[in-house]
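Colleague: Return atomic coordinates for the entry below.
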Amino acid sequence: MSHSFLIEQWDFSTQPAQLVEPKDPLDMLQENHWYHCQREAGALREWLLDNDFESGVVDSLLADDTRPRFEIFDDQSFLLIMRGVNLNEGAMPDDMLSVRILWHKGTLISTRKISSKAITGIRNALREQKGPKNTARLLLAIIEGLNQNIAGFLNEVEEQLFEIEEGDGKNSDLHVIHKRLLKLRRFMKPQRYAHDDFLNVGHPEMEEVELKMRNALDTVIRINESIDFYIEQIQLIKADIEQEQAEKMNRNTYLFTVIAAIFLPVSFLTGLLGINVGGIPGVDNPLAFFIFCAGLGVTFVLEFILLRWLRFF
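Modeller: Below you'll find the predicted structure:
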């Protein structure tokens, strides 16, 4: 069978782990091996079925869109689906990629659609003979790598929110950050439950890494708590911005109201004397205009004193 779906195969039965040159056709599943596969490749399904995996297991592994979850099939097989931030060049971190792991008798099969920086880092470490020593530690390394990338993304979010609060950032960025955090929370909540279910099973082949797996679960819990905290922080920042805008509008409205109140009598008098009819007082008096202007000034001063005494200012 063609191995076009196979990205890499590593043999962990020897130390250090060895990169395996796949044969064509590809051999049947071997214990203590890691098969990293391209999920949408058509030959992958056929190869999995040929290795006696049930069609339901294969469907779960290759489904187009799934949320994080843990599903155990028997004492030797389980499926773990996780999500990680997309740190590839030109991608948005909140467009979360899916990493799916099928464990069977010490063999680990991982599938991807989009390249994961966490798994790429593990592959590079294995090439330098610095990677995990067995498939159980490999699974732990994948989980820790995904968590580390998510935590790094949240650190950047924290810095952005701090800059916005200090006035150095753009308030318009709040909407983008809020949207990203909501998308992240959508997957991290079930991811916590998937980790919890995985640890509660107490798989015998995971005993040597159980303590570190629990630490990884604590990391996922902290990530979820951080996401909730940042979302609440964004809501408080938005509330402060809205309150500041409302106070500014109220101050401006109040100022225009006071100005209108001051000029209302003056406007009334000038309008009254500006009508083009006979009988207007002072028409024949050359000093009438100056007397009238002085009267308007006195009226303005009296109004100002009255409003100040009434504490309008």
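
Colleague: can you list the residues that contact stretch 162-180?
Modeller: With C-beta atoms under 8 Å, 6 or more residues apart in numbering as the test, stretch 162-180 has contacts from 92, 93, 94, 157, 160, 161, 230, 231, 234, 237, 238, 241. For glycine as for every other residue, the C-beta is placed from the backbone atoms N, C-alpha and C.

Colleague: tell me the SS of residue 100?
Modeller: Taking DSSP: H, G, I helix; E, B strand; the rest coil as the rule, one finds residue 100 in the strand state.

Colleague: Just the pLDDT at it, thanks.
Modeller: What the model reports for residue 100 is a pLDDT of 93.

Colleague: Same question for residue 153.
Modeller: 93.

Colleague: Same check on the one 5 residues further on?
Modeller: Turning to residue 158, the model gives it a pLDDT of 92.

Colleague: Check residue 45 too.
Modeller: We have a pLDDT of 90 for residue 45.

Colleague: Tell me if I'm right that it and residue 63 touch.
Modeller: No - applying C-beta atoms under 8 Å, one finds residue 45 not in contact with residue 63, separated by 11.3 Å.

Colleague: Which one of those two is surrounded by more residues?
Modeller: residue 45 (17 against 12; other C-beta atoms under 10 Å).

Colleague: quick check, the more buried one in a helix?
Modeller: Yes - judged by three-state DSSP, residue 45 forms part of a helix.

Colleague: Please report how far it lies from residue 82.
Modeller: According to C-beta to C-beta, to the nearest Å, residue 45 stands 21 Å off from residue 82.

Colleague: Next: residue 208.
Modeller: Applying C-beta to C-beta to residue 208 and residue 82 gives a distance of 21 Å.

Colleague: Could you tell me how many residues sit around residue 151?
Modeller: Considering only other C-beta under 10 Å, residue 151 is surrounded by 15 other residues.

Colleague: how about it, what does it touch?
Modeller: Residue 151 neighbours (C-beta under 8 Å, 6+ apart): 219, 222, 223.

Colleague: need the residues you listed in a markdown table with secondary structure and neighbour count, can you?
Modeller: A markdown table is the format used below for the contacts of residue 151 (DSSP: H, G, I helix; E, B strand; the rest coil; neighbours: other C-beta atoms under 10 Å):
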| residue | secondary structure | neighbour count |
| --- | --- | --- |
| 219 | helix | 19 |
| 222 | helix | 13 |
| 223 | helix | 20 |
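
Colleague: Tabulate these (CSV), appending distance to residue 112 and pLDDT.
Modeller: Below are the contacts of residue 151 laid out as CSV (distance: C-beta to C-beta, whole Å; pLDDT from 0 to 100):
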residue, distance to residue 112, pLDDT
219, 22, 95
222, 26, 96
223, 21, 96
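
Colleague: mind listing the strands for the chain?
Modeller: Counting by DSSP state E, the chain has strands at residues 6-11, 18-19, 33-38, 69-74, 77-84, 97-104, 107-112.

Colleague: could you pull out the helices for the stretch 101-250 of the chain?
Modeller: Ranges of helices in the stretch 101-250 of the chain, per DSSP state H, counting those that start in this stretch, are 117-127, 135-166, 173-201, 210-273.

Colleague: Same list (these) but as TSV, adding distance to residue 308.
Modeller: Listed next are the helices of the stretch 101-250 of the chain as TSV, based on distance: least, C-beta to C-beta, whole Å:
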stretch	distance to residue 308
helix 117-127	66
helix 135-166	38
helix 173-201	41
helix 210-273	10
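
Colleague: which one of these lies closest to residue 33?
Modeller: In terms of C-beta to C-beta, the element of the helices of the stretch 101-250 of the chain nearest to residue 33 is helix 135-166, at 7.8 Å.

Colleague: Buried residues in the closest one, which are they?
Modeller: With burial defined by 16 or more other C-beta atoms under 10 Å, the residues of helix 135-166 counted as buried are 135-150, 153-154, 157, 160-161, 164.

Colleague: Repeat that for stretch 186-204.
Modeller: Result for stretch 186-204 [16+ other C-beta under 10 Å]: buried residues 187, 188, 189, 190, 191, 192, 194, 195, 198, 199, 203.

Colleague: where are the low-confidence patches of the chain?
Modeller: By pLDDT under 70, the weakly predicted segments of the chain are 1-3, 24-25, 169, 262-263, 266, 268-290, 292, 296, 307, 310-313.

Colleague: who's more crowded, residue 208 and residue 82?
Modeller: Legend: neighbour count by other C-beta under 10 Å for residue 208 and residue 82, higher for residue 82 (26 against 13).

Colleague: Now do the same contact list for residue 53.
Modeller: Taking C-beta under 8 Å, 6+ apart, one finds 102, 104 in contact with residue 53.

Colleague: mind checking how far it is from residue 109?
Modeller: 9 Å.

Colleague: Overlap of the contact sets of the two?
Modeller: The contact sets of residue 53 and residue 109 overlap at residue 102 (C-beta under 8 Å, 6+ apart).
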